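1. Next one to model:
(one chain, ligands or ions: 1)
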Amino acid sequence: MEIIIQPTQQAATEVAARLIATLLRDKPDAVLGLATGSTPLSLYQTLISMELDWSKVKTFNLDEYIGLPREHSQSYHSFMWENLFRHINIRKENIHIPDGNAKDIPRICEEYEKMIAASGGIDLQVLGIGTDGHIGFNEHTSSLASRTRIKTLTKRTRMDNARFFGSEEAVPFHVITMGIGTIMEARTNLLLAFGANKAAAIAEAVEGPIASSNPASVLQMHRSVKVCLDDPAASKLQRAEYFRWVYDNKPDWQTF
Ligand code: PGA
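-> Sure thing, here's the model as predicted:
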């Protein structure tokens, strides 16, 4: 894992955006895995301002609520169109988001996996992290080998997301999410976390044991992970000074 700690959210976001921009320039038909929530908002704004060419890019979103109409302001379909897709030259047919209103959820989950495989696999997956360590909506005790499937949100995640819905009661109980096994097959994972409320989950994920009690900790087993943090999100890392030292002393050819 490469832990990149920057003084501000904006600085950490710019590092992440440069990584994605480099990928899209080197591989114009790259396959990106995308995330929703408050964390990637500044990333999407930065990517929009870079005016990159998305005409050949394919995207797969991590997750979607079950039962929310697509047009609902908090559906991840709406989120992605509002915050990224309508601002870039991506082709509609290259966008994939799980269908939370499908009649046969297991079937569309299986199809989602097949579409990812048929696209050649995900080159870079953007991830946020829940305060309980979830990635995608893989809540604690999710199988570390899981695939795209239905999950039930924890009380804590529903509370965390109540701010988007106006009340906790309005947050759906069920979601479709890529599995941890699916995420682990992305060629690179790019995890972003900002703010002190993520510090405990990040410390466990990066320095704790690999355990389904913090699903993000499985990323320690992935060969290409970058974790972009602002100072507050890094504040509980015991080795923060080491991570800063590594980043500051990268050989020129390794910088991005
Ligand atoms: P947030 O959510 O970006 O809104 O904090 C992160 C997550 O739940 O994965």
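
2. And the nearest residue to Leu229 once chain neighbours are set aside, how far from the ligand?
-> The shortest distance from Leu229 to any residue that is not its chain neighbour, by CB to CB, 6 or more residues apart in numbering, is 5.1 Å, and that residue is Ile5. C-beta here means a position set from N, CA and C on the backbone, and glycine is covered the same way. Using CB to the nearest ligand atom, to the nearest Å, one gets 18 Å for the distance from Ile5 to the ligand.

3. Then Glu113?
-> Here the criterion is CB to the nearest ligand atom. By it, Glu113 lies 20 Å from the ligand.

4. what number of residues lie near that residue?
-> By the measure other CB atoms under 10 Å, the count of residues near Glu113 is 19.

5. again, but for Glu207
-> Every residue meeting other CB under 10 Å relative to Glu207 is counted, giving 16.

6. Might one say that it is in contact with Arg239?
-> Yes - Glu207 is in contact with Arg239 according to CB atoms under 8 Å; the separation is 6.7 Å.

7. So which residues on this protein come close to the ligand?
-> Where the chain comes near the ligand, counting by CB under 6 Å from any ligand atom, the residues are Gly37, Ser38, Thr39, Gly128, Ile129, Gly130, His134.

8. and the two most separated of those?
-> Using CB to CB, these span at most 14.5 Å, a distance reached by Ser38 and His134.

9. who are the neighbours in contact with the residue nearest to Val171 when sequence neighbours are not counted?
-> The shortest distance from Val171 to any residue other than its chain neighbours is 4.4 Å, reached at Arg158 (CB to CB, 6+ apart). Counting by CB atoms under 8 Å, 6 or more residues apart in numbering, Arg158 touches Glu168, Val171, Phe173.

10. For Tyr247, which non-adjacent residue is spatially closest?
-> Nearest non-adjacent residue to Tyr247, counting by CB to CB, 6+ apart: Ile4, 5.5 Å away.

11. quick one on the thing from earlier: what is the nearest of the residues of the chain next to the ligand to Thr13?
-> Thr39 (9.3 Å).

12. and that closest one, how many neighbours?
-> The tally of other residues near Thr39 (other CB under 10 Å) stands at 22.

13. how about the residue nearest to Val171, secondary structure?
-> With DSSP: H, G, I helix; E, B strand; the rest coil as the basis, Arg158 sits in helix.

14. coming back round to it: of Ser38 and His134, give the one with the bigger neighbour count.
-> More crowded of Ser38 and His134, by other CB under 10 Å: His134, with 27 against 13.

15. The more buried one and Ser217, how far apart?
-> 11 Å (CB to CB, to the nearest Å).

16. So Leu229 lies in a strand, does it not?
-> Yes - secondary structure of Leu229 (three-state DSSP): part of a strand.

17. Tell me the pLDDT of the residue nearest to Tyr247.
-> Predicted confidence (pLDDT) for Ile4: 98.

18. what's the answer for the one 3 residues further on, then?
-> At Pro7 the predicted local distance difference test score is 97.

19. Once you drop chain neighbours, what's closest to it?
-> If the residues on either side of it in the chain are set aside, Pro7 comes closest to Asp231, at 5.6 Å by CB to CB, 6+ apart.

20. Return the top helix by length along the chain as CSV; C-alpha atoms alone will do.
-> In the chain, ranked by residue count with DSSP state H as the criterion, the top helix is helix 9-26. The C-alpha trace of helix 9-26 is given here as CSV (Å, rounded to 0.1, in the frame of the first residue of the first chain):
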residue,chain,number,x,y,z
GLN,A,9,-8.4,17.5,1.0
GLN,A,10,-7.7,19.5,-2.1
ALA,A,11,-4.1,18.6,-2.3
ALA,A,12,-4.8,14.9,-1.7
THR,A,13,-7.6,15.1,-4.4
GLU,A,14,-5.1,16.6,-6.9
VAL,A,15,-2.7,13.7,-6.4
ALA,A,16,-5.6,11.2,-7.1
ALA,A,17,-6.8,13.2,-10.1
ARG,A,18,-3.3,13.2,-11.6
LEU,A,19,-3.1,9.4,-11.3
ILE,A,20,-6.4,9.1,-13.1
ALA,A,21,-5.5,11.7,-15.8
THR,A,22,-2.2,9.8,-16.4
LEU,A,23,-4.1,6.5,-16.8
LEU,A,24,-6.6,8.1,-19.3
ARG,A,25,-3.7,9.6,-21.3
ASP,A,26,-1.8,6.3,-21.4
